[in-house]
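>>> pasting a predicted model and its sequence here:
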Amino acid sequence: MIFSNLKTVLTARLRLVMAVLLLAGLILAAGQSQPAQAYGGRTPGAVAAFYYPWYDVSGNINTWRQDAGKMISQPATLYHSGDVNTMRTQMDQARKAGIDAFAVTYNAAPGAWADRFKTMLDNAPAGFGIAAHFEVSLMTDSAKNVGGVVNALNALKNNFTTNPRYFRFQGRPVVYFWWPQGIPGNVKGNWSEIRNQVDPNHEMIWSVDTTDMSLLDVFDTVHFFSGAKWADNPQGSYQSLKTSVNAWNASHGGARRLSTASVTPGYDDRRFRSPGEFRDRAGGNYYQISWNAAINVQPDLVTISTWNEWYETSAIEPGRDWGNLYLDITRDKANAFKGASGLGDASILKTWSRTDLPVAKQATDRSWMWGPGLNDQRREPNAESPGGQRTVYYFDKSRMEINHPGGPPDVNDLFYVTNGLLPIELMSGQIKTGDSRTENKGPAQIPVAGDPQNNPNTPTYAAFGRVSTLSGNNRAGDRSGQLVLDTISGSGQTGRNDGYTGRNVRMVKFIPESGHNIAGPFWDFMNRTGPVWEDNNMHDGKVVEWLFAMGYPISEPYWIKSKVGGVEKDVLVQAFERRVLTYTPDNPAAFKVEMGNVGSHYHTWRYGN
């Protein structure tokens, strides 16, 4: 029966508690070592919640009814862990609360739990991952040895971690481990041998629940599943662990070790064990204290103990006695921890934060590079991505994507996150579904700038495509220094209007790669400096690498008449591979040059909303 091992697992967790509290006082301070840097500075952290698939309502088993006397509280809605719709609902609730992944119980043994792990992995929504919580205590006695664990982890690695829905941090699949001492013999020696056989180059992130900091020689990070819950303020435990990680990094080479803080809403297992342990939830106050401590320490990762451990009353999912309180707290605190709201993958958030977090914090009056927030997140076909699909992130101004989670290129590479060639697709009418695959939809009949409706004098993407370089055509020579006097009408008719001489806008940069000239206001915009968010703080720097953000120009700059808020204005427009830039001379200085709403336009064209 499931619970023959369950009680042993839960009881063993208590052994770590006093050791963790001692550890907090024993670790000596050490110098800070710098984390691996990526474009945009420190990668904002990720959040994973421990999830248990052992609640059954089928056949003769009804966990909620049979074990009601062992639980202090129960979920707001009782459920069967094997029901796929329940899984989808829970994953969606977690994603909307700022949780990036569930760490789901896993031991590689055939049976209901293994089936549920695979079902969750196959049904995880865009922007949400599933990691394995590898519980040695749940393995059969005959498998609790180095060879048995190696076989189980190789099965996980080969069968599941390549799934694009598997949880990754900084491009590496994450595995959580419980009870490493469950293998007889020397703990460190056993796990060193296991690591060398399964993942010697640390291509995965292994996180272990332990108080033995020497295991950082083997594992990539340490989490305290239950250690902080008895402290009135767990910040000391979090900081001690981070100090230990920093000390290891300062004295070792190789893969950088990561710091993890483990937050919890409280704990009460007194109906399940005798005498049991208790940490008062205090109406959500302790959960906030736990989260605030994690935010102050700024670890790389946060674990939540737990999403749904009802025997220990540490669940944060909607509860009979607290409703959505803990999801609301999680949403606020996870967003504060990550540095912005609801932007999914840490690398996506990092890219957005570099340019647009200063705008959101009103540290600058410049216009958005991406937009104020994420508009949509979904999976789209891409032949070269794992499983033939990639997760994409739509903003007003563009779309971000990670074509190859884990690389290449490396997660620290500028082009690990890319933004799509949306103007080219809008103009050509060809949706790219791979490097050499397209689907024909027809050019977009959407104005390139200004109001999307009742704007007849503004050319559509279809019209603008006729003067753009989409297949080697329409290239121009070097016109550096010339005034920009070319015009294009709503129907795509080109001309010249010397009346724009007074605007005194000139071509200043010829790009031979695409055969087009960039107008002065755009070139200044592409190379400007100002506040950026790097290394978890604000400082002045180059706002953007223009080739990464815009790509090469694919048209010359053209003057158009465009309605903005119902008022027709002179607007200069130039198309690039990844963006459309507009210059409105009559706008306030900070908003004279803006990114066109290519991301929104593309989403409307492709999906109709």
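Received it, and whenever you're ready, just let me know what you need. Residues are numbered from 1 along each chain as shown.
>>> for the stretch 151-300 of the chain, which residues score under the pLDDT cut-off?
In the predicted model, the stretch 151-300 of the chain carries pLDDT under 70 at residues 227-230.
>>> err, the stretch 501-609 of the chain, not the other one
Checking the stretch 501-609 of the chain against pLDDT under 70 turns up 535-536, 609.
>>> now the helices: where do they sit in it?
520-526, 546-549, 598-607 (DSSP state H, counting those that start in this stretch).
>>> next: the stretch 251-400 of the chain.
Using DSSP H, counting those that start in this stretch, helices in the stretch 251-400 of the chain cover 285-297, 325-338, 346-360.
>>> okay if I get the ones you listed as a markdown table plus distance to Ser240?
Where you see a C-beta, it was placed from the backbone N, CA and C, and this is true even at glycine. Output for those, formatted as a markdown table (distance: least, Cβ to Cβ, whole Å):
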| stretch | distance to Ser240 |
| --- | --- |
| helix 285-297 | 10 |
| helix 325-338 | 19 |
| helix 346-360 | 24 |
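>>> for His202, which of these is the nearest?
Among the helices of the stretch 251-400 of the chain, helix 346-360 comes nearest to His202, with 18.1 Å by Cβ to Cβ.
>>> the closest one - what's its average pLDDT?
On average, the pLDDT along helix 346-360 is 86.
>>> for it, C-alpha coordinates in CSV please.
C-alpha atoms of helix 346-360 as CSV (Å, rounded to 0.1, in the frame of the first residue of the first chain):
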residue,chain,number,x,y,z
ALA,A,346,14.2,33.4,-15.9
SER,A,347,16.1,34.1,-19.1
ILE,A,348,13.0,35.9,-20.6
LEU,A,349,12.6,37.9,-17.4
LYS,A,350,16.3,38.8,-17.4
THR,A,351,16.1,40.1,-21.0
TRP,A,352,13.0,42.1,-20.3
SER,A,353,14.4,43.5,-17.0
ARG,A,354,17.6,44.9,-18.5
THR,A,355,15.8,47.5,-20.6
ASP,A,356,12.2,47.7,-19.3
LEU,A,357,12.4,47.3,-15.6
PRO,A,358,13.9,50.8,-15.3
VAL,A,359,10.9,52.0,-17.3
ALA,A,360,8.5,50.2,-15.0
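>>> what's the burial count for the closest residue to Pro553 other than its chain neighbours?
In this structure, Pro553 finds its nearest non-sequential neighbour in His516, 4.0 Å apart by Cβ to Cβ, 6 or more residues apart in numbering. Residues within reach of His516, counting by other Cβ atoms under 10 Å, total 27.
>>> now do Val208
24.
>>> what strand or helix carries it?
Val208 belongs to strand 205-209 when assigned by DSSP states H and E.
>>> please apply the same query to Ala94.
Here Ala94 is assigned to helix 84-96, by DSSP H and E.
>>> between that helix and helix 325-338, how big is the angle?
50 degrees (axes from the mean of the first three to the mean of the last three Cα atoms, to 10 degrees).
>>> other residues contacting helix 84-96?
With contact meaning Cβ atoms under 8 Å, 6 or more residues apart in numbering, helix 84-96 is reached by 49, 51, 79-81, 102, 116, 119-120, 123-125, 127-128, 307-308, 317-318, 327, 331.
>>> let me see the mean pLDDT of that helix.
95.
>>> just after that helix, pick out the following helix or strand.
strand 101-106.
>>> which residues does Tyr393 bridge with?
For Tyr393, the beta-bridge partners are Gln377, Met400 (DSSP bridges).
>>> measure how buried it is and give me the count.
Neighbours of Tyr393 using other Cβ under 10 Å come to 27.
>>> OK, contacts around Thr604?
With contacts defined as Cβ under 8 Å, 6+ apart, Thr604 is in contact with 446, 452.
>>> make it 6 Å
Going by Cβ atoms under 6 Å, 6 or more residues apart in numbering, Thr604 touches no other residue.
>>> same question for Ile194.
Ile194 touches 146, 149-150, counting by Cβ under 6 Å, 6+ apart.
>>> buried residues in whichever strand or helix holds it?
Here Ile194 sits within helix 187-198, counting by DSSP H and E. Neighbour counts over helix 187-198 (16 or more other Cβ atoms under 10 Å) mark 187, 190-191, 193-195, 198 as buried.
>>> going by distance to Thr494, which of the residues you listed wins?
Closest approach between those and Thr494, by Cβ to Cβ: Val198, at 62.3 Å.
>>> ok, for that closest one, nearest residue in space, not its chain neighbours?
Leu153 (4.6 Å).
>>> and that neighbour, helix, strand or coil?
helix (DSSP: H, G, I helix; E, B strand; the rest coil).
>>> quick one on the thing from earlier: ranking the contacts of Ile194 by neighbours, who comes first?
Ranking the contacts of Ile194 using other Cβ under 10 Å puts Val149 first, with 26 neighbours.
>>> that residue - that's part of a strand, no?
No. Per three-state DSSP, Val149 lies outside any strand segment and is helix.
>>> what's the closest non-adjacent residue to it?
Nearest to Val149 is Ile194, by Cβ to Cβ, 6+ apart, at 5.4 Å.
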